[in-house]
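Participant: Fold the following, please.
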Amino acid sequence: MPAETPQSLRAPKPQPLRVLDIQLYRVSEDLTEGLIYFMLVFSPWAFGTTQPWSISIMDCSGYILGILLLIKLILRSWKNYQLPRWQERGQPCPPEGDSKPEMGGQGSPRPNLASLFLSPSGLTVVLASLTILILLFCLVSALNARATFHPGNPVPEYHQRPAWMLRFLPSSMDSSASWRVFWNYLALALSFWAIRDWLLGKSGPERLPSVPSTPDTRHSTPQLLPARMRRLLWVLSICGGLLALESIIQRAAGLSKLLFLVQPRVNPNTETQFGPFAYRANAAQYFNLLWPVTLAFWWTLQRAGRHGSHHVLLFCCALMAAGPIISTSRAGAFITAAILILTVLLLFAWPLLFPEAASVRRKSRASLRLVLLCGIAAIILGFALGWKNLKPRLAGMEESFAGREQMYEAARPMSRDYHLFGTGPGTFESVFQLYRISTETYWPAQLHNDWLETRITFGWLGTILILAALLTVLTRWFIRGGIHGGRRFMLLILLALVGCLVHARYDFPFQIYSILFLFLTICALLFNLSRRPW
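Facilitator: Below is the predicted model:
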């Protein structure tokens, strides 16, 4: 007889599930969904979430999402409450055409490093670990701060710390700024994982047992996204369309008040702002990040045979694509044009790259004509309302970029002096004053180059952690298992993300809470998608 398992090694016995636990889980799910929708709508309309009061509301909402996520995780693990979900599996299925997995001595699959990490659950562990490391980097930098800048005093208050702590641990040059960034990033991290977990839940008819599809039907029949994912994309698209419409009307009326309500102290002129954003480039970045996602969503509904109301998404898409041009943001207009051109070229060339059945091609032609019509409408609307002010700005673009490069050159010594750990999250504005050649040197609050500013404030170590997290999210689609995401759907969303990353080379989208939150929401959506479901 086998020896008895020691009491300390036995798995903990699940606690009995009560009716109150089931109700608590359902309430947590409902509150999570409502809070996600609130944050998606509130963040851009609250003047881009650039003021302390709006940032505090978003932070508190993120903490509540984290508490709700913790409640659900406890009920699923401690009470063993199993609900129908788009579950992840630890071991990836073998690729098509491969033989059975290599067996070990006892007839079980032989574990290897690739199967451990290149699986949905493995990537989840990797991304969760990177999230914790990034938060720890910010926390240690704030706790181990070298100095604190006080308002109105250009000389920092230096702290007394052991030399080994300053040398071998991340340390901030402005503790108050790093603490502020840590609390913001903690809320954003909790929001990311709460959104990702909520999207994995099934709703309504999805909870019923379904007939498994064969490989032929899986690849020939377009599939809809899950209900929760569709609802989230509907909220984002309609909110973005209304936001673009309000911004266009405000610009056409020539008013300098954000949302017709508030005239900002920074960029008080009509031409320098757009909609709820006090800086036109931030508005362009938000719309360029959202309209390709809306187009991808419309394409999925169109390919799945939906007819009627989903065409309102094209109207929202055209308004949002026209917004960056009307805002007179030069980089925003160029990125909009580039994404539009690449979208049309790739979609028209798709049947040649991936041959399909004749009936599918005919359906694709109709969809392509609608996409082309949407792009033409966006360009006509954008140039009709924005070209008059955009043209003189394009003529002075070379001079503007020369001024930006001078600012970058003044800031690059910061990255060389603090190359490993950086000056500390959120400390650029405080520390840059110490590097000004004279009091006449321009002192920006943001560097207008998020890539360089991240390297300055986070150093190479923090920057590598952030890039590794982004790479993990993008890798998820290539791993088999999860919610099916079509190639064109993924391509359009990647164009949106790449456009934002390119714009970050010349501006500061990731310093704006609403844009960063939208970017993370899209990443949470992508982290549940796979090119091949189970």
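
Participant: Could you pull up the residues touching residue 391?
Facilitator: With contacts taken as C-beta atoms under 8 Å, 6 or more residues apart in numbering, residue 391 has no neighbouring residues. Just so you know, the C-beta spots here come from the backbone N, C-alpha and C atoms, and that holds for glycine as well.

Participant: for the one 10 residues further on, same thing?
Facilitator: With C-beta under 8 Å, 6+ apart as the criterion, the residues that contact residue 401 are residue 506.

Participant: I figured residue 44 hits residue 514, correct?
Facilitator: Yes. Residue 44 lies in contact with residue 514 (C-beta atoms under 8 Å); the separation is 4.8 Å.

Participant: Next, show the common contact partners of those two.
Facilitator: residue 286.

Participant: Who are the packing partners of the helix or strand that contains residue 181?
Facilitator: In the assignment (DSSP states H and E), residue 181 maps to helix 175-199. On a contact count with 3 or more C-beta pairs under 8 Å, 6 or more residues apart in numbering; DSSP states H and E, helix 175-199 meets helix 19-45, helix 52-77, helix 120-143, strand 147-148, helix 227-253, helix 513-526.

Participant: Spatially nearest residue to residue 316, not counting backbone neighbours?
Facilitator: Nearest non-adjacent residue to residue 316, counting by C-beta to C-beta, 6 or more residues apart in numbering: residue 241, 2.8 Å away.

Participant: Would you mind measuring from that neighbour to residue 283?
Facilitator: 14 Å (C-beta to C-beta, to the nearest Å).

Participant: same deal with residue 35?
Facilitator: From residue 35 to residue 283 the distance is 25 Å (C-beta to C-beta).

Participant: Who has more neighbours out of these two?
Facilitator: Just comparing residue 35 and residue 283: by other C-beta atoms under 10 Å the higher neighbour count belongs to residue 283, 29 against 19.

Participant: SS state for that one?
Facilitator: Three-state assignment for residue 283 (DSSP: H, G, I helix; E, B strand; the rest coil): helix.

Participant: remind me, longest helix of the protein?
Facilitator: Ranked by residue count and defined by DSSP state H, the top helix of the chain is helix 358-395.

Participant: quick one on the thing from earlier: and the helix holding residue 181 with helix 19-45, angle?
Facilitator: 120 degrees (axes from the mean of the first three to the mean of the last three C-alpha atoms, to 10 degrees).

Participant: Rounded mean pLDDT for helix 175-199, please.
Facilitator: Averaging pLDDT along helix 175-199 gives 97.

Participant: mean pLDDT lowest for which of the helices and strands packed on helix 175-199?
Facilitator: Taking the mean pLDDT of the helices and strands packed on helix 175-199, strand 147-148 comes last: a mean of 90.

Participant: In terms of secondary structure, what does that one contact?
Facilitator: strand 157-158, helix 175-199.

Participant: the inter-axis angle of the longest one versus helix 513-526?
Facilitator: Right, the one you point to is helix 175-199. Using the same axes, to 10 degrees: helix 175-199 against helix 513-526 is 40 degrees.

Participant: and residue 350, how many neighbours does it have?
Facilitator: 17.

Participant: Let me fix that, I meant to ask about residue 270.
Facilitator: Count around residue 270 with other C-beta under 10 Å applied: 16.

Participant: Just to check, it is in contact with residue 251?
Facilitator: Yes. Residue 270 is within contact range of residue 251, at 6.9 Å (criterion: C-beta under 8 Å).

Participant: For residue 239, give me its contacts.
Facilitator: 40, 41, 44, 45 are the contacts of residue 239 under C-beta under 8 Å, 6+ apart.

Participant: pretty sure the second one contacts residue 232?
Facilitator: No. Between residue 41 and residue 232 there is no contact under C-beta under 8 Å: 11.5 Å.
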